[in-house]
Each structure stands twice: as C-alpha cells, then as structure tokens.
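Chemist: pasting a predicted model and its sequence here:
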Number of protein chains: 2
Amino acid sequence: MARKRKAYKDKVTLTDVAEKVGVSPITVSRAISRPEKVSDDLRETILQAVHELGYVPDYAARALASRSGHLIGVLSSLLGSSTFAPVMKGIEDRARNTGQRIQYANTLYDPQEEIHQIKQFFGQKPTGIIIGGVKIDPQVTDLLRNAPCPVVQLIDISYPAVDMAVGVNNPLACEAAISHMIDAGYRSIAFCSIRADIPILLRLERYRQRMTAAGLYRPELELMLDEQASAVRCGADILDRLFQQVPDLDAIFCAHDDLALGVLFECQRRGIAVPEKLGLCGFADMDYAACTVPSLTTLKMPLYQLGYRAVDMILRAKEGFRTEKTVDLGFELVKRQSTDRKS
Amino acid sequence: MARKRKAYKDKVTLTDVAEKVGVSPITVSRAISRPEKVSDDLRETILQAVHELGYVPDYAARALASRSGHLIGVLSSLLGSSTFAPVMKGIEDRARNTGQRIQYANTLYDPQEEIHQIKQFFGQKPTGIIIGGVKIDPQVTDLLRNAPCPVVQLIDISYPAVDMAVGVNNPLACEAAISHMIDAGYRSIAFCSIRADIPILLRLERYRQRMTAAGLYRPELELMLDEQASAVRCGADILDRLFQQVPDLDAIFCAHDDLALGVLFECQRRGIAVPEKLGLCGFADMDYAACTVPSLTTLKMPLYQLGYRAVDMILRAKEGFRTEKTVDLGFELVKRQSTDRKS
DNA sequence: TTGTACGCGTTATCAT
DNA sequence: ATGATAACGCGTACAA
C-alpha cells in the first residue's frame, strides 16, 4: 500500500527526465518517439537518463495528445482456442517494433459482447481492428462499417468484407475435402458442425453443391449440433444421431478437428474401423491430427501468416498505401490415413 | 479514407452531449460514471442524448484525468492454449460491469517479452495485473515487486508470491497422482515434461520425494524434453527415450494432458496396452481426457474459479479491503481408465 | 537541431 | 444536485 502510493507520487514524467538532462520535455519526447530528430549524443544522454530514472511513458497522455492509441485491437471468439495461438504469434511478430501495441478481447460467441468490445476499442483511437469469427449480425456489421480505423476480418475471403479481409476461401477448401472423400470411394458423406458462424455456413453451402453435383446429396446427411462447451465430447452424440438418420453412413466431414477427434475416439470405443467403415476429415490441422490412430485427414490453413498479414494490412493502410482489400492465403488438404480407404 | 476523416472530425465529446442537453460537461461525465450523483430525470435525458449522438468515451482522456487506466492486465504464456480458455471466462465474468477492462498480453515463454509487456502495462496505470506461468527470472520478479498496482500470480500457491497468488498446491497435486499410481501397483513411474516453469519444477521436486519415500526413485525416470512447439507430437520421442533409459518402465506421469495424449496415441500405434502394460496420468483435465481410449486419468483444476478469484482479489485490494495473500482453490484427481490396472 | 505555446477530452477539487 | 476551474502528461504546430 505504501509502495503503491510511493510509486504514484514518484511517477517519473518527461519533465523529470528533461530537468535531469537540462533540455526541454519535447526533446525528450522526440528522443524516444522520433530518435532521428535528435542529435546522436544528446539522444544517448537522454535515453541514459530515461533508463536511470525508470521513466515509463504514460500511454494515456500519449494517446490523448497524439490522437492515436497506437494500438491494434484483436477481437475473436476463439481467443482461448489453440487454433488461435499461431495467429497470435503472427500478429505479435509483425507488430513488434512498430510502436503499435496489441490488445486482445474475447467475444465469447456473443454478439452483445462483440458490440461492447468493439465500442471499447473505438474509444481507444485504435490504429486498426482485427476481427475474427463474425456472425451475420447486422448491428456488428453496421458498427464496423463506421469504424474510425481500418478493419481486417480474418479467416474467410469468399464473403464480402466490411473493409479488408485475409484468410482462406472456405467454400473451396470444403470442396477440396468433399471431392477427396468422393474420390476415395465414400458415398454417404455427412457434414457435421457444432456452430454456425460464417465460414462454416459457407462450407455447408458448398458441401451441398458438391454433393448434389455428384448425385449424393441428402438433407439427413447434415448435422448441426447446438453450441456446446466441448467439441471433443460430442463424438458419441454425433455417431448416434448420424447412424440413426443415415444407416448407410460411410464418412463424416467435421467442421473442426476437435469434432473429428471426438468421433475418432468413439469409433475406437465402438470398434468402427476408420477409414474402412467410416472416413473422417477434420478442419484446422491441429497438433494432434498427425498423431491420432489412424492419423487425421484435415485442412491446413496458414494461421501464422493470417495474423502476420492482418497486422501488415493495417499498418499499410495507416501509411496510406493502397492495399488489396482481400488476401487469399490458400489452404492445403492434408491427406492422411483417416480417409485412405485403399491402404 | 473519407470515412476515417469524417469519423475523426465528427468525434462526439462530452461537450457535444452537454450542449445538446443544456448542461455542463461535468454533469454528463457524472451521469455516465457516477449515475447516483445526478438526478433521475436529468440522467435519463443525458443518457438518451449520449445514445442519439453515439458518444463513446475517450479512454485515454479518462485515464489521464482520473489517474487510472481502469484496466486489469493479464499476462500469460498460455494465452493461446485451451487450458487458458476457462480462466479467461472467469476473468471476464468477474470483471463485467465493474468499469474495469481486461487487457491480455502474450509472453510467449520469453522473459524479455514478459518484461516488455509488464512495462507496457505499467504505462497504462492498471488497476491490477494478473500474471501466470512466471519463470524464475529475477528481473521479472524485481519489476513486479515494484509494481504500481496489486499483482496476482496464477496457478501455484505453494511458492512465495510477490504480492498475491491464487491457484492450486502443485506439489500436493503431484503427490496425489504419484500415490495413486503407486497404489495401482505401478513401480517404474516416469516423470515427463517439455517445459520447466515453476509449477512443473515444484511437481518434479515432490515427485522425487514421493518416489524416494516409496523406495522407487531412480534419476533415469525423469525426462525433461527441450521446449517444443507441439506437446502432442512428442509421444514417440518420449516412449523411445524412456524405454531406452528404463526397460522396465510401467507408468508415466505427464506434466500436461497434451503430452499424455501423444503418448497414448503412440501406445495405440505400437500396441502397448494402457493401463495394463503402461499406466498414464496427465495434468489439466482437458476436454479430450474423458474421451480418449482408454480415458485419461488426470488432475483437474478449478480454472474458471482461478480467473474469477484473481480479478476478485484485485478489485478487493483496490477497495482497500484486507485480502488473503494466497488462495488455494484445491484440485481433484480424476481417476479414469488409463491408470486402472485392476479392471 | 532544439524550444515555446497550446490543446487533446476527461475528471478532481472546490464552490454554489 | 450542478457548475467553474484547473490539472492530468504528452505531442502538434510553429518558431527560432
């Protein structure tokens, strides 16, 4: 407590540093934020003093004076998901040494929360906003359309972006998976998901098209589960429901690897042979996908690049460079054992 | 671009709202931040105007004037891990409607990054800082000791905290697991981890004590792998090395479920019977732990509560209430099939 | 290259 | 219950 007060009273400001060095505050400010505008030796002296006094810039004051929060907001419903980890890494690598801070916020799949968080960001004069997993919520779209900064949407680029977008073409990715499964000889291929965000709806639509084109489409092949806490634990439920709806079921395309993992375990438990009796394809190429028994066919997306490019697009927009509004990073269908019927 | 400028010029401030209603700015400020200090009808009129004009408070100005950032910083190396998701949920549930914002930062297991992020927080006049997964870095500890705000450390409470701590007693949890495995009849029980943060080192120490007490300790039972991107994918490596070091190996205590998952898959692949030939115990009770075949014995921690209490402790400290410096949330050993030798 | 004057939008403090 | 005034700490704009 005493410490707290002390730290506050003793707050070191630009002026303190300036006095110690014998220059004006603005010079100290420049030495920190625009090093090239201060002579080499003076800058050295100043930075030395900064270090000695333990000066930490006041970001609030800086933001107020400069009319920029020097921060990039990242909004996602997947923050706590390991799918998002590589994205985060990319974001931070690109943002490092740019003077921009990254601030994350969790939307928890709740539109109200999303709106709230977006407003919070707007109040911080952000350099840009990166947002992933947006549902089709008109309020959110409206808000973003009137954003006071560039907005980058993540993950899908086949859908019209509010401002900019970077990601993969979800319909194409889905089509690649379905085609692969058809080629492998599967006929009754189910589509299974526990959530219906935009990327998933786009995949579903293409799934229907592709299956219809092959003369294989049946509505009962679709299974959209209610939102649940755990995707992995749905395995038994999925198999129960699908086999009831589709007695001749022979493959499942899962909208996320977690779902496929759960189904796979349940197959192990029930003695259903994968890939012989049941083909399985996931989405995301999670760490475990290469290790499961049998290993899991899935779609791999360049997640690190996703984050990296998103920040890059914001920084370029800030510099006023013309940027592509949409960046397609491509995907890769990773064919593994779970759909390899011939082996 | 045009939009951007417009949004900026048209920025609605307190004064705009005040003029529209015909009161002074400070009254509007109060209507928003201290509703009880404004008469009911006036407040209603003001909030109505706020809504109509689309006023969004400027957090920088607010922070500068109030000398508080109204934010709680959360620092973790596990941000992108699904272990952290429930913690996040708890943090946000407790912080909602308290006027405090949550800001996350990723330390990526890098002390330099950690120091950098901590300083960033300090520059934002935080109400408190929550930090998890701290390594034994003296610089970090020093920094935290001089924090201008309360600090809550997560996960372990058997270790002396810089300020406050909430979590579980890692040594005790480890001991419970090892005792359980010994009771189940396992003798050559390995300890395996890919990282050596404080909680893990604490578990390792207790592992040694417990094994020694049972007359079962051998140094070659310990396996600390280098830091790797993917824990799951280490399965084969772990089995190779351990069986080479310990031909009569009959159980593995993994410092995280991910490790156990990888080992389990590798056992499936090699036809090693779990739990008969090899007992397996994880840590964290991840979603999949209940679903694996066989299901995975593991230690469950109250993660949601962990986040909830951490924020609670900060808020109480802010109110000046005396708080326990250390909160033990307890753990649960979830006994499942992977250590059930008798079945 | 360095300095002066001012303002950013809000809240604390003190007054009415 | 409401208002006037003065900060908060920094950066912009302009001057020297």
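Modeler: Perfect, I can see it now.
Chemist: who's in contact with the spatially closest residue to A:Arg270 that is not a sequence neighbour?
Modeler: Spatial nearest neighbour of A:Arg270, chain neighbours left out: A:Leu239 (7.2 Å); criterion: C-beta to C-beta, 6 or more residues apart in numbering or on different chains. Any C-beta I mention is one placed from the backbone N, CA and C, and that applies to glycine too. Shown in contact with A:Leu239 (C-beta atoms under 8 Å, 6 or more residues apart in numbering or on different chains): A:263, A:266-267, A:270, A:272.
Chemist: out of those, who has the most neighbours?
Modeler: A:Val263 (30 neighbours; other C-beta atoms under 10 Å in any protein chain shown).
Chemist: now for the helix or strand containing that residue, which elements pack on it?
Modeler: For A:Val263, the element it lies in under DSSP states H and E is helix A:257-270. Using 3 or more C-beta pairs under 8 Å, 6 or more residues apart in numbering or on different chains; DSSP states H and E as the contact criterion, the elements in contact with helix A:257-270 are strand A:189-193, helix A:235-245, strand A:251-254, strand A:279-281.
Chemist: let's see that with 7 Å instead.
Modeler: helix A:235-245, strand A:251-254, strand A:279-281 (3 or more C-beta pairs under 7 Å, 6 or more residues apart in numbering or on different chains; DSSP states H and E).
Chemist: please name whichever of those is nearest to B:Tyr104.
Modeler: Comparing the helices and strands packed on helix A:257-270 against B:Tyr104 with C-beta to C-beta, the closest turns out to be strand A:251-254 (28.9 Å).
Chemist: hmm, that closest one in reach of chain B?
Modeler: No. Between strand A:251-254 and chain B, judged by C-beta under 7 Å from any C-beta of the partner chain, nothing touches; the nearest distance is 14.1 Å.
Chemist: could you do stretch A:44-58 as well?
Modeler: Yes. Counting by C-beta under 7 Å from any C-beta, chain B has neighbours in stretch A:44-58: A:56-58.
Chemist: ok, stretch A:123-131 next?
Modeler: Yes. Under the criterion of C-beta under 7 Å from any C-beta, chain B is reached by stretch A:123-131 at A:123-125.
Chemist: average model confidence for that stretch?
Modeler: Taken as a whole, stretch A:123-131 carries a mean pLDDT of 93.
Chemist: put the alpha carbons of that stretch into PDB.
Modeler: Provided in PDB are the C-alpha atoms of stretch A:123-131 (Å, rounded to 0.1, in the frame of the first residue of the first chain):
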ATOM      1  CA  GLY A 123     -12.900   4.700 -27.500                       C
ATOM      2  CA  GLN A 124      -9.200   4.000 -27.700                       C
ATOM      3  CA  LYS A 125      -8.400   5.500 -31.000                       C
ATOM      4  CA  PRO A 126      -7.100   2.300 -32.400                       C
ATOM      5  CA  THR A 127      -4.800   2.200 -35.500                       C
ATOM      6  CA  GLY A 128      -6.900  -0.800 -36.700                       C
ATOM      7  CA  ILE A 129      -9.100  -3.600 -35.700                       C
ATOM      8  CA  ILE A 130      -8.700  -7.300 -36.500                       C
ATOM      9  CA  ILE A 131     -11.800  -9.300 -36.100                       C
END
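Chemist: follow-up on the earlier one: need the helices and strands packed on helix A:257-270 in a markdown table (columns: distance to A:Tyr217 and mean pLDDT).
Modeler: Below are the helices and strands packed on helix A:257-270 laid out as a markdown table (distance: least, C-beta to C-beta, whole Å; pLDDT from 0 to 100):
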| stretch | distance to A:Tyr217 | mean pLDDT |
| --- | --- | --- |
| helix A:235-245 | 14 | 96 |
| strand A:251-254 | 13 | 98 |
| strand A:279-281 | 17 | 98 |
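Chemist: mind putting these into CSV with distance to A:Pro219?
Modeler: Compiled in CSV, the helices and strands packed on helix A:257-270 are given as follows (distance: least, C-beta to C-beta, whole Å):
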stretch, distance to A:Pro219
helix A:235-245, 9
strand A:251-254, 15
strand A:279-281, 20
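Chemist: looking at the ones you listed, which is buried most?
Modeler: Across the helices and strands packed on helix A:257-270, averaging neighbours per residue (mean count of other C-beta atoms under 10 Å in any protein chain shown) puts strand A:251-254 on top, at a mean of 29.
Chemist: what's it packed up against?
Modeler: By 3+ C-beta pairs under 7 Å, 6+ apart, strand A:251-254 packs against helix A:170-183, strand A:189-193, helix A:257-270, strand A:279-281.
Chemist: redo these as CSV? Include distance to B:Ala184.
Modeler: Below are these laid out as CSV (distance: least, C-beta to C-beta, whole Å):
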stretch, distance to B:Ala184
helix A:170-183, 42
strand A:189-193, 37
helix A:257-270, 22
strand A:279-281, 33
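Chemist: out of the ones you listed, which one sits most buried?
Modeler: Ranked by mean neighbour count under mean count of other C-beta under 10 Å, those are led by strand A:279-281, which reaches a mean of 27.
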